[in-house]
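Enquirer: Make a model of this:
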Amino acid sequence: MKSGQKDIFYITGTNKEQLEKSPFLERLRKKNFEVIYFTDPVDEYLMQYLMDYEDKKFQNVSKEGLKIGKDAKAKELKESFKDLTKWWKSALSSENVDDVKISNRLDNTPCVVVTSKFGWSANMERIMQSQTLSDANKQAYMRGKRVLEINPRHPIIKELRERVVKNPEDESVKQTAQLMYQTALFESGFLLNDPKDFASRIYESVKSSMDISPDATVEEEEETEEVEAESDAKDGASADADADVKDEL
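Expert: Sure, this is the predicted structure:
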């Protein structure tokens with residue numbers, strides 16, 4: 001462990017290559033802190049009971065309450081983005097999001113979704129959902145609340161704050177905020193409840209970037225071609241039948 005690292009940081013997932021790219025590690029990598037990669041399913045069960053090792057506490061970097069060090073501007077940033085965090089929490093009221101907070105773990109990523117300290121991680125959720133005899137009620141209880149953490153230094157977040165302050169009822173801003181949450185949910189390792197809705201938002205965003213009218217619809221397929229094709233097929237079948245009859249005669 002690097003001098004100054006007080007806790008043992010770890011993260012769980014399916015493989016090392018995936019974990020190395022996790023947004024949860026951005027600030028830790030920047031500080032050159034050591035992080036343990038747990039890639040076996042049994043590790044999830046183990047770390048529910050292993051709290052410390054040789055007086056060093058374990059910290060799951062994908063859960064809330066991560067302590068990396070003090071940020072001199074933490075209070076100032078919290079106050080500066082208060083309007084955005086309050087507005088975003090309200091906008092995600094139907095998504096089981098407990099809170100929207102300023103993140104201390106991000107560097108290049110605009111936002112991530114973390115779980116409550118004693119709830120399941122995203123990796124544990126996938127493990128439990130894959131079990132044949134899983135209990136849906138227990139899953140809902142252990143899943144816990146999710147927290148959206150935002151990077152106050154990211155240009156997207158800064159621009160979003162300005163637009164919310166200017167017009168909090170702007171539908172395009174609400175759509176952007178929803179899309180960013182779903183993207184963060186996916187990047188953080190969670191399974192999307194409605195992949196179709198996520199895909200639709202992506203396509204709408206692509207249309208907007210290409211200056212395609214929101215009212216533009218898919219061109220209808222011409223029915224006449226199918227009718228002609230069916231007619232040709234029937235004529236061909238009749239001709240074959242006549243030929244067969246002639247051969248028999």
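
Enquirer: mind checking which helix or strand Lys6 is in?
Expert: Per DSSP states H and E: Lys6 is located in neither a helix nor a strand.

Enquirer: how about the helices of the protein, start to end?
Expert: 16-20, 26-30, 41-46, 74-80, 82-91, 122-129, 136-143, 155-166, 171-187, 195-209, 223-248 (DSSP state H).

Enquirer: Now the ones you listed in a markdown table, please, with extra columns for mean neighbour count.
Expert: For the C-beta atoms, the positions are set from N, CA and C on the backbone; glycine is no exception. Formatted as a markdown table, the helices of the chain follow (neighbours: other CB atoms under 10 Å):
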| stretch | mean neighbour count |
| --- | --- |
| helix 16-20 | 14 |
| helix 26-30 | 16 |
| helix 41-46 | 14 |
| helix 74-80 | 12 |
| helix 82-91 | 17 |
| helix 122-129 | 19 |
| helix 136-143 | 12 |
| helix 155-166 | 15 |
| helix 171-187 | 17 |
| helix 195-209 | 12 |
| helix 223-248 | 9 |
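
Enquirer: Include distance to Gln59 and mean pLDDT when you put those helices into TSV, please.
Expert: Formatted as TSV, these follow (distance: least, CB to CB, whole Å; pLDDT from 0 to 100):
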stretch	distance to Gln59	mean pLDDT
helix 16-20	15	93
helix 26-30	10	94
helix 41-46	15	91
helix 74-80	18	90
helix 82-91	23	95
helix 122-129	16	84
helix 136-143	19	62
helix 155-166	24	96
helix 171-187	20	93
helix 195-209	30	89
helix 223-248	62	57
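
Enquirer: looking at these, which is closest to Ser103?
Expert: When the helices of the chain are compared by CB to CB, helix 26-30 sits nearest Ser103, at 8.6 Å.

Enquirer: Tabulate the helices of the chain (CSV), appending distance to Val113.
Expert: Shown next, in CSV, are those (distance: least, CB to CB, whole Å):
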stretch, distance to Val113
helix 16-20, 16
helix 26-30, 15
helix 41-46, 18
helix 74-80, 19
helix 82-91, 12
helix 122-129, 8
helix 136-143, 12
helix 155-166, 15
helix 171-187, 5
helix 195-209, 14
helix 223-248, 46
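
Enquirer: what sits against Ser121?
Expert: By CB atoms under 8 Å, 6 or more residues apart in numbering, the contact list for Ser121 reads 12, 44, 60, 62-63, 115, 189.

Enquirer: Please flag which of those sit within strands.
Expert: 12, 60, 115 (DSSP state E).

Enquirer: Contact partners for the second one?
Expert: To tie it back to what came earlier, the one meant is Asn60. Residues in contact with Asn60, defined by CB under 8 Å, 6+ apart, are 10-12, 47, 121.

Enquirer: Show me which of those residues is closest to Gln182.
Expert: Set against Gln182, the nearest of these by CB to CB is Ser121 (18.7 Å).

Enquirer: Check what pLDDT that closest one gets.
Expert: Note on Ser121: pLDDT of 88.

Enquirer: Next: Lys57.
Expert: Lys57 is assigned 94 on the pLDDT scale.
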